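[1] With the input below, show me the fold.
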Amino acid sequence: MASLELLKITGFKDKNYQSQIGDPYSVMINPSSIKLNRSVEYNAQMPKDSSAPNLKFKGMPAEKLNFDIVIDCTGIVDGKRITMSKEIGTLEKIVYTYNGNIHRPNYVKVQWGDISFNGVLTSFNTSYTLFKPDGSPLRAKVSLAFDSFISAKERKQREKKSSPDMTHIINVVQGDSLPNLCYKVWNSTDYYVQVAAFNNLNKFRHLKGGEQLIFPPIEKESKV
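    From the prediction side, this is the model:
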C-alpha cells in the first residue's frame, strides 16, 4: 500500500530556488481542494469604422495558488504535533517572516503530487475553530495564497520571445524572402516594406545569403 504523500512548503533564499532554508513544512492534513488562477490581459482598442474593439495582447499576470490547510493539535492526527503556537510559527518562518539576509520574506515552493509551484506568499489568514477550556487553540484553518515568481533569466528562457518591441538581427539564408522572415520574427508579413526601407534594400523577394538584416522594434501596428 502506498504511503500518504503530504503537501510540502519549502523556503528558499534565492529567486532561482537553489538555496533551501531549513526543512520543508509538511501539512498535517492535505487540503481538500487547491485553486490555481491564470489570466491573460488585453488592451481594448477601437479601430476606426468598427463596432467592435480590437483586443491587443498586454501581458500575462502572475499565476495565483490558493488553498486551505487544517492544523489539528488535539493529538488525534499527530501525537507529536500538539502545540498550536509552534505549528503556526514553523509555517510562518517559512512563508511569511521577514528574512533579514535577503531583505524580504522567503521564496517558496509548494509541492504535492503533480503540483510544483514556485512563488511568494501574498496572504496568510488564520481562523481558530476549536479551543481548550482555558481558551488555548486546538484547531485552526489557515488560508494561504501565493503568486508565482520566476527569475528574469528563467522567464526569458520560457518565453523565447519574438517580440515586436525588440530588435532582432537575422542571418539570411540563400532563398529567404523578406515576407517570410517577417513572418518568422513577428508571425506576420505586414512589415516587410518597412524592414526593406530600414535596411536600404531595393528587393525583398530573393535575398543574398550570408548577409545580416536588422528587424527593428515595432512601435505601432502601422509602423516599424
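
[2] And for I69, the neighbour number?
    19 (other C-beta atoms under 10 Å). Where you see a C-beta, it was placed from the backbone N, CA and C, and this is true even at glycine.

[3] these two touch, right, it and Y25?
    No: using C-beta atoms under 8 Å, I69 is not in contact with Y25, being 9.6 Å away.

[4] what's near enough to touch K13?
    19, 21, 99, 101-102, 106-107 (C-beta atoms under 8 Å, 6 or more residues apart in numbering).

[5] Pull out the buried residues from the longest helix along the chain.
    Longest helix in the chain by number of residues (criterion: DSSP state H): helix 84-95. By neighbour count on 16 or more other C-beta atoms under 10 Å, the buried set for helix 84-95 is 84, 87-88, 90-95.

[6] Repeat that for stretch 171-191.
    In stretch 171-191, counting by 16+ other C-beta under 10 Å, buried: 172, 176-179, 181-182, 185-186, 191.

[7] quick check: domain ranges of the protein?
    What automatic domain parsing lists as the domains of the chain is 8-154, 163-215.

[8] What I need now is those written out in a markdown table, including mean pLDDT for each item.
    What follows is those, written out as a markdown table (pLDDT from 0 to 100):
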| stretch | mean pLDDT |
| --- | --- |
| domain 8-154 | 92 |
| domain 163-215 | 80 |
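
[9] Please enumerate the helices of this structure.
    Going by DSSP H, the chain shows helices at 84-95, 152-159, 178-186, 192-198.

[10] chain center to the first one, what's the gap?
    Right, helix 84-95. Offset of helix 84-95 from its chain centre (C-alpha atoms, centre = their mean, to the nearest Å): 25 Å.

[11] and of the helices of the chain, who's closest to A62?
    helix 152-159 (10.7 Å; C-beta to C-beta).

[12] what sits against K208?
    172, 174.

[13] where exactly do the strands run in this protein?
    Secondary structure of the chain (DSSP state E): strands located at 8-12, 20-26, 34-37, 41-45, 54-59, 64-72, 98-99, 104-105, 107-112, 115-131, 137-148, 168-171, 212-215.

[14] and the first one, which strands flank it?
    For strand 8-12, the paired strands and their directions (DSSP bridges) read strand 20-26 (antiparallel), strand 107-112 (antiparallel).

[15] Beta-bridge partners for the residue nearest the centre of the chain, please?
    Residue closest to the average C-alpha location in the chain (C-alpha atoms, centre = their mean): S148, at 4.0 Å. When assigned by DSSP bridges, S148 has beta-bridge partners G119.

[16] and the closest residue in space to G113 that isn't next to it in sequence, how many neighbours?
    Distances taken as C-beta to C-beta, 6 or more residues apart in numbering put E5 closest to G113, at 6.5 Å, once the chain neighbours are dropped. E5 has 11 neighbours, counted by other C-beta under 10 Å.

[17] still on that earlier bit, out of the helices of the chain, which comes closest to D14?
    helix 152-159 (11.9 Å).
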